[in-house]
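Novice: no sequence on this one, just coordinates:
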């Protein structure tokens, strides 16, 4: 019996960066084509530019809607939004037109997922400055997606192979992030984590909650947040029957996850989760937004303006993002 493949939308991101390059390279990977029906969301002229350089014999096929996408095709399938002309793009430079096009790709992808015409969305990197010039009206990519979906609260899940970290806050100053270390916020994030693990087909996940201070506070010697906020959140989660441990000293918790003690770490601020995971797999990281009514994965790197257009970009993060979107779609 044949298994129905998920249709995964892939946005090009800011076309002055490496987003289109890694998208095309990812779709040239046989493992991607074997697992899903990939649909590029962007501009035909951009895709053609990279296809001619990376796979000159591969035909391009434009679609009016995802319904027209077919499996096992020897072509790149594109929803052409016709909103940028690649010959006018200045590679590696901030440009409002490129920022606007990137936002168009996101909106189109989200709408198609909400209408269930796509099973998931894997997004290419956008440039924050270009997006702001284009009127994103949100601090970043994740917040913009939440606004488009009408969701007030989401969480960032970072995945590097078997390592996973979910953050109680993300793009805040460290001083501001410390104010988010509260029992209710931690417990709520644990609940998001349980849901995320189930989406990843891990039904009874083991969650470790990191401490905030050195040695998880050393019984209050180095800070009281563990006693006053973290431990009560863990206790409340355990009272619900969840498999949660903590506070675990932050300098050992990722080592313990790497040795299969935990399926997920709850990180108490952005860099606590990002630094160890990026060290373990910088090119293979995937950013997942948890709490949306759609499945959204993303590369965990930026637009890399310094190498844009040079065909040097590594597509591994995009390949992993598409593969993870397939797992989460359950098809």
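Specialist: Structure's in. What do you need? Just so we're clear, the structure is a prediction, and the values are computed from it rather than from any experiment.
Novice: show the end-to-end separation of stretch 116-130, please.
Specialist: 29 Å (CA to CA, to the nearest Å).
Novice: same check on stretch 170-179?
Specialist: With CA to CA as the measure, stretch 170-179 spans 12 Å from end to end.
Novice: average pLDDT across that stretch?
Specialist: What stretch 170-179 shows for mean pLDDT is 92.
Novice: for it, buried residues please.
Specialist: 170, 177 (16 or more other CB atoms under 10 Å). Where you see a C-beta, it was placed from the backbone N, CA and C, and this is true even at glycine.
Novice: how far away from the center of its chain is that stretch?
Specialist: Remark: stretch 170-179 is offset 20 Å from the chain centroid, using CA atoms, centre = their mean, to the nearest Å.
Novice: what does stretch 43-63 give?
Specialist: Chain-centre distance of stretch 43-63: 25 Å, with CA atoms, centre = their mean.
Novice: now it: mean pLDDT?
Specialist: Across stretch 43-63, the average pLDDT comes to 95.
Novice: mind listing residues that contact it?
Specialist: The contact list for stretch 43-63 (CB atoms under 8 Å, 6 or more residues apart in numbering) reads 12, 15, 20-21, 23-25, 28, 39-40, 69, 73-87, 89, 101, 311.
Novice: following the longest helix seen in the chain, which helix or strand comes up?
Specialist: Longest helix of the chain, by residue count under DSSP state H: helix 96-114. Counting by DSSP states H and E, the element after helix 96-114 in chain order, helix or strand, is strand 120-123.
Novice: who does that following strand touch, helix- and strand-wise?
Specialist: strand 7-11, helix 96-114, strand 296-299, helix 316-329 (3 or more CB pairs under 8 Å, 6 or more residues apart in numbering; DSSP states H and E).
Novice: the longest one vs strand 7-11, what angle?
Specialist: With axes from the mean of the first three to the mean of the last three CA atoms, to 10 degrees as the basis, helix 96-114 and strand 7-11 are set at 170 degrees to each other.
Novice: list the buried residues of helix 96-114.
Specialist: Neighbour counts over helix 96-114 (16+ other CB under 10 Å) mark 97-110, 112-113 as buried.
Novice: give me phi/psi at residue 267?
Specialist: Main-chain torsions, residue 267, degrees, to the nearest 10: phi -90, psi 140.
Novice: any idea how far it is from residue 163?
Specialist: 11 Å (CB to CB, to the nearest Å).
Novice: the two - which one has more neighbours?
Specialist: residue 267 (28 against 21; other CB atoms under 10 Å).
Novice: excluding residues flanking it in the chain, which one is nearest that one?
Specialist: In this structure, residue 267 finds its nearest non-sequential neighbour in residue 273, 3.1 Å apart by CB to CB, 6 or more residues apart in numbering.
Novice: report pLDDT for the one you found.
Specialist: Looking at residue 273, its pLDDT stands at 96.
Novice: just want the angle from the host helix or strand of it to helix 316-329.
Specialist: According to DSSP H and E, residue 273 maps onto helix 270-281. Going by the same axes, to 10 degrees, helix 270-281 is angled at 110 degrees with respect to helix 316-329.
Novice: mind listing what's buried in helix 270-281?
Specialist: Within helix 270-281, the residues that count as buried by 16+ other CB under 10 Å are 270, 272-274, 276-278, 280-281.
Novice: now for residue 116, how many residues are close by?
Specialist: Neighbours around residue 116, by other CB under 10 Å: 10.
Novice: before we move on, what about residue 74?
Specialist: Residue 74 has 9 neighbours, counted by other CB under 10 Å.
Novice: coming back round to it: verify the stated contact: the residue nearest to residue 267 with residue 159.
Specialist: No. Look at residue 273 against residue 159 with CB atoms under 8 Å: they stay out of range, at 10.9 Å.
Novice: circling back to that earlier point, what helices or strands is the longest helix of the chain leaning on?
Specialist: Helices and strands touching helix 96-114, by 3+ CB pairs under 8 Å, 6+ apart, are strand 7-11, strand 37-42, strand 120-123, helix 128-133, helix 141-149.
Novice: checking the residue nearest the centre of the chain next. Helix, strand or coil?
Specialist: Centroid check for the chain by CA atoms, centre = their mean gives residue 287 as the closest residue, at 2.4 Å. Secondary structure, DSSP: H, G, I helix; E, B strand; the rest coil: residue 287 is strand.
Novice: who are the contact partners of it?
Specialist: Residue 287 neighbours (CB under 8 Å, 6+ apart): 142, 156-159, 297-300, 321.
Novice: where's residue 169 relative to residue 175, distance?
Specialist: Taking CB to CB, one finds residue 169 at 12 Å from residue 175.
Novice: my bad, should have said residue 20
Specialist: According to CB to CB, residue 20 and residue 175 sit 37 Å apart.
Novice: now residue 190. Nearest residue, chain neighbours left out?
Specialist: Nearest residue to residue 190, sequence neighbours excluded (CB to CB, 6+ apart): residue 237, at 4.8 Å.
Novice: okay then, goodbye and thanks.
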